[in-house]
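**Q** quick check, what structure comes out for this input:
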Amino acid sequence: MGRLLRLSYLAYVGTGVFGNLKNHILNKSIVPITQIIFFALVAYFFRDDSYVNYVLVGNVVFMLVLSNILGVVTSVARDREIGLMQFILISPIERYLFLLSKAFIHIFDGLFMSIIGFLFISFFWTINISSLEFIALLGLLLLLSISLSMMGVFLGVLTFIYKDTVSIANFSMLGLLFISGINFPTVQLPLVLDLLSYTTPLKYGVTLIRDFLDGAKFDVVNLIIMIIIGLFYFLLALIMMNMIERKLTSKTF
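**A** Residues are numbered from 1 along each chain as shown. Next up is the predicted model:
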């Protein structure tokens with residue numbers, strides 16, 4: 001555990017998130033809250049009051065993506081960008097530990113951001129969350145954050161192949177915003193995109209959280225599926241990492 005914490009700290013700081021405090025605050029707080037307000041106003045003026053809560057909850061949950069997808073992808077890709085991959089491949093560190101260290105702090109970073117988001121909408125809008133509900137909500141957000149981070153690890157490993165971190169991260173974020181039911185139900189999408197949404201942890205997570213806040217019966221099956229999908233993405237990342245390692249070690253760097 002100590003090794004994981006040390007590696008996680010170095011990976012998080014190494015991405016340069018503390019290099020510019022103003023940019024850090026802007027990206028982690030102001031931008032996502034502005035997005036929440038924007039989509040809430042769109043829902044208010046073009047739909048109705050009842051739809052605003054749907055959009056608010058969806059966009060607060062989406063705040064996880066900034067850390068769990070963008071942050072993790074950037075962290076995983078960083079070693080390739082600065083030329084450290086060859087040293088990592090010959091190091092004795094376990095590959096699963098290397099990948100987990102890239103996601104560990106981002107899991108809690110995303111959780112912290114989403115908590116701020118829920119406090120924000122609870123203060124300014126009519127979304128009331130009791131103390132007990134808040135504790136249960138934290139548990140759901142944590143599990144979703146873990147699952148999304150595992151997806152982020154997989155996308156980060158993809159950058160070892162396609163070498164375009166910005167495109168992969170941004171395309172993934174916009175894709176999740178569109179197909180995961182953040183601002184509208186996925187049943188309104190074409191059938192192919194609706195089916196595709198079920199391959200993302202975010203689809204299950206945002207549905208679980210909305211149902212929980214609405215007082216609906218808790219769907220344990222969806223929770224289990226969300227966790228399994230996250231584990232599946234992490235397993236894929238490990239397999240891809242091993243394939244890349246075998247291919248690269250057979251060549252001269």
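
**Q** looks like Leu231 contacts Met150 (just checking).
**A** Yes. Judged on Cβ atoms under 8 Å, Leu231 makes contact with Met150 at a distance of 6.6 Å. Every residue, glycine included, has its C-beta placed from N, CA and C.

**Q** between the two, who's got more neighbours?
**A** Remark: of Leu231 and Met150, Met150 carries more neighbours, 26 against 14, as counted by other Cβ atoms under 10 Å.

**Q** report the contact partners of that one.
**A** Going by Cβ atoms under 8 Å, 6 or more residues apart in numbering, Met150 touches 103, 201, 230-231, 233-234, 237.

**Q** same thing but 7 Å
**A** 103, 230-231, 233-234 (Cβ atoms under 7 Å, 6 or more residues apart in numbering).

**Q** got it, and Ala136?
**A** Listed by Cβ under 7 Å, 6+ apart, the contact partners of Ala136 are Phe212.

**Q** let me know the next secondary structure element after the top helix by length along the chain.
**A** Secondary structure of the chain read by DSSP state H shows that its longest helix is helix 131-162. Next helix or strand after helix 131-162 toward the C-terminus (DSSP states H and E): helix 165-179.

**Q** mean confidence for that following helix?
**A** Helix 165-179 shows a mean pLDDT of 90.

**Q** now stretch 235-249
**A** 84.

**Q** mind listing what's buried along that stretch?
**A** Buried residues in stretch 235-249, defined by neighbour count with 16 or more other Cβ atoms under 10 Å: 236-238, 240-241, 244-245.

**Q** take those residues and keep only those in helices.
**A** Judged by DSSP H, the buried residues of stretch 235-249 include 236-238, 240-241, 244-245 as members of helices.

**Q** let me have these in TSV, extended by distance to Gly71.
**A** Putting these into TSV (distance: Cβ to Cβ, whole Å) gives the following:
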residue	distance to Gly71
Leu236	19
Ala237	15
Leu238	20
Met240	20
Met241	19
Ile244	22
Glu245	24
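
**Q** now for those residues: which two are most distant?
**A** Greatest spatial distance in those: Leu236 and Glu245, 14.8 Å, computed using Cβ to Cβ.

**Q** any idea how far the helix or strand hosting Ile224 is from the chain center?
**A** Assigned by DSSP H and E, Ile224 belongs to helix 220-249. From the chain centre to the centre of helix 220-249 is a distance of 15 Å (Cα atoms, centre = their mean, to the nearest Å).

**Q** which other helices and strands contact it?
**A** Using 3 or more Cβ pairs under 7 Å, 6 or more residues apart in numbering; DSSP states H and E, the elements in contact with helix 220-249 are helix 85-89, helix 95-124, helix 131-162, helix 201-213.

**Q** relative to Val72, which of these is closest?
**A** Val72 lies closest, by Cβ to Cβ, to one member of the helices and strands packed on helix 220-249: helix 131-162, at 3.1 Å.

**Q** buried sites along the closest one?
**A** 137, 140-141, 143-160.

**Q** got the angle for that helix vs helix 95-124?
**A** Helix 131-162 runs at 130 degrees relative to helix 95-124, counting by axes from the mean of the first three to the mean of the last three Cα atoms, to 10 degrees.

**Q** how distant is helix 131-162 from the center of its chain?
**A** Put simply, helix 131-162 sits 5 Å off its chain's centre (Cα atoms, centre = their mean).

**Q** same question, stretch 48-65
**A** Put simply, stretch 48-65 sits 16 Å off its chain's centre (Cα atoms, centre = their mean).

**Q** what residues sit buried inside that stretch?
**A** Here stretch 48-65 shows 51-65 as buried, counting by 16+ other Cβ under 10 Å.

**Q** right, I'll leave it there.
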